[in-house]
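Asks: take this sequence and fold it.
(one chain, ligands or ions: 2)
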Amino acid sequence: VTIARIFAERLLTTPPLASDVGAIERAYVDVDGELIARVGEESSAPPFDGPTTRARLVTAGLVDAHTHAPWAGSRHAEFALKMAGADYETIAKSGGGIVSTMRAVRAQSHDDLTRELVSRVRRMTLLGVTTVEAKSGYGLDLAGEEKQLSAIHAASRLVDATLVPTFLGLHALPPEAAGDRDAYARRVVDEVYPALAAQGLFRFVDAYVDRAAFSVEQARPLCERARADGFGVRLHVGQFADVGGAALAATVGAASIDHAEHVDEPALAALAATDTRVVLLPVASLTLRGPAPDVAAMRRAGLRLVVASDANPGTAPTESLPLALALAVRLYGLSVDEAIRGATVEAAASLGLFDRGHVSVGARADLVLWDLPHEAALVQPWGTSRASRVLVAGRTVS
Ligand code: NIG
Ligand code: FE
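Replies: Ligands and ions are numbered 1, 2, ... in the order given. Here you go, the predicted structure:
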């Protein structure tokens, strides 16, 4: 068993059920195997003769709770159209958008999709990200969704980060559905979902409940079936319009509503009694030139906030959770503490992972040593990584 001690000028413990980052100045963390064995002020550290290292700022490994990481192809042509004034929903209606990535994913082999995903996740880890939620939703038929989800499983054996697979069963309507959203949604629940669930390919289901996507009526059976089977639910909600997705999330006990730029205060208040977190995706707002969500109303409702990258080729062409943190603070007005908690302990909790996202005795030793003086600097850089060392389960991985 290896034990190592890390001295930190500043350590963020991000404890569960708190609202601040739990900073300790001149701190130490002892890592014993895969776990954190001791944490505290350097002055109270017991004698130690194992390997030691020094860092400026130390945090828990970052957790990206919303990505569409297993994608293929590129949407650069669409980006040019968007910059010239075309809007996302119009592009989608004319066969672009999600369906164009569907074509690329269907055409890609399982192995190539896995390779591309592995590279992407490794780049995320270089930025300090040690847990990544990854959605399907670009296959849009059984073979395609199965290929994406099995690529996530294959990739998870090849990367250091933990991957959490989500079946995004209702993302867009594939061309072969011939415009019949009701029939497609039924087929997803009756045929695609059970086949994937039987293989143990996902932990969460997701649905895009929005104006140009799926209705509450279309999404509800998938959510209810998944909950009955013991899976968690995450929902894309209110990215363009509030069509009742947040209320659906409340009734099915969803783990998260994601985006939520267009969710009004009563709908947010209805979530107050639940354990549903709000996953904020500011990179997508920036790309779509959309409004900020009503963060003040979310705070009034006592909702716990998560910040994620939304990594996808259409609305968030980035792999950087630190970029999302910078934008959450700059565009959405999150406090630095909210942003950091939203990418650590709250993000992990939204994924049902309570062993990480905080630096405490017995927690998994997923840690980032930052070449930065303070977390207020962590939410500023948009450029190269400032993670000088990343540990996953006690092992240095970058
Ligand atoms: O989170 N809004 C739906 N899904 C993604 C975009 C996916 C895509 O455009 O490929 C999102 O923004
Ligand atoms: Fe998304």
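Asks: what segments of the stretch 151-300 of the chain are strands?
Replies: Secondary structure of the stretch 151-300 of the chain, counting by DSSP state E, counting those that start in this stretch: strands at 162-170, 204-209, 232-237, 256-259, 277-280.
Asks: would CSV of these with distance to residue 90 and mean neighbour count be doable?
Replies: To be clear about C-beta, it is placed using only N, CA and C from the backbone, and glycine gets the same treatment. Putting the strands of the stretch 151-300 of the chain into CSV (distance: least, C-beta to C-beta, whole Å; neighbours: other C-beta atoms under 10 Å) gives the following:
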stretch, distance to residue 90, mean neighbour count
strand 162-170, 21, 25
strand 204-209, 17, 28
strand 232-237, 19, 27
strand 256-259, 19, 29
strand 277-280, 25, 28
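Asks: would you list those strands in JSON lines and tack on mean pLDDT?
Replies: What follows is the strands of the stretch 151-300 of the chain, written out as JSON lines (pLDDT from 0 to 100):
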{"stretch": "strand 162-170", "mean pLDDT": "98"}
{"stretch": "strand 204-209", "mean pLDDT": "98"}
{"stretch": "strand 232-237", "mean pLDDT": "98"}
{"stretch": "strand 256-259", "mean pLDDT": "98"}
{"stretch": "strand 277-280", "mean pLDDT": "98"}
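Asks: make CSV from those strands and add distance to ligand 1 to it.
Replies: Putting those into CSV (distance: least, C-beta to the nearest ligand atom, whole Å) gives the following:
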stretch, distance to ligand 1
strand 162-170, 8
strand 204-209, 5
strand 232-237, 5
strand 256-259, 6
strand 277-280, 10
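Asks: so which of those strands gets nearest residue 316?
Replies: Using C-beta to C-beta as the measure, strand 256-259 is the one of those that comes nearest residue 316, at 10.7 Å.
Asks: paired strands for the closest one, with orientation please.
Replies: When pairing is defined by DSSP bridges, strand 256-259 lines up against strand 232-237 (parallel), strand 277-280 (parallel).
Asks: surely residue 140 and residue 102 touch.
Replies: Yes - if you go by C-beta atoms under 8 Å, residue 140 and residue 102 touch, sitting 5.0 Å apart.
Asks: in a markdown table: the strands paired with strand 256-259, plus distance to residue 324.
Replies: As requested, the strands paired with strand 256-259 are arranged in a markdown table below (distance: least, C-beta to C-beta, whole Å):
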| stretch | distance to residue 324 |
| --- | --- |
| strand 232-237 | 16 |
| strand 277-280 | 8 |
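Asks: what separates the residue of the chain most remote from its centre from ligand 1, distance-wise?
Replies: With distances taken from the mean C-alpha point of the chain and given as C-alpha atoms, centre = their mean, the most distant residue is residue 47, at 39.1 Å. Taking C-beta to the nearest ligand atom, to the nearest Å as the measure, residue 47 falls 51 Å from ligand 1.
Asks: one step back: now the strands of the stretch 151-300 of the chain as a markdown table including distance to residue 311?
Replies: Formatted as a markdown table, the entries for the strands of the stretch 151-300 of the chain read as follows, by distance: least, C-beta to C-beta, whole Å:
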| stretch | distance to residue 311 |
| --- | --- |
| strand 162-170 | 13 |
| strand 204-209 | 14 |
| strand 232-237 | 14 |
| strand 256-259 | 13 |
| strand 277-280 | 13 |
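Asks: still on that earlier bit, and the residue farthest from the centre of the chain, which of the three is it?
Replies: State at residue 47, reduced to three classes by DSSP: H, G, I helix; E, B strand; the rest coil: coil.
Asks: do residue 25 as well
Replies: Here residue 25 is strand, with the state taken from three-state DSSP.
Asks: what about residue 149, neighbour count?
Replies: 24 (other C-beta atoms under 10 Å).
Asks: now do the contacts for the nearest residue in space to residue 237 that is not next to it in sequence.
Replies: Nearest residue to residue 237 in three dimensions, chain neighbours excluded: residue 245, at 3.4 Å (C-beta to C-beta, 6 or more residues apart in numbering). Neighbour list for residue 245: 209-210, 216, 219, 235-238, 257, 263 [criterion: C-beta atoms under 8 Å, 6 or more residues apart in numbering].
Asks: quick check: the farthest pair among those?
Replies: The largest separation in the contacts of residue 245, counting by C-beta to C-beta, is between 219 and 263 at 15.2 Å.
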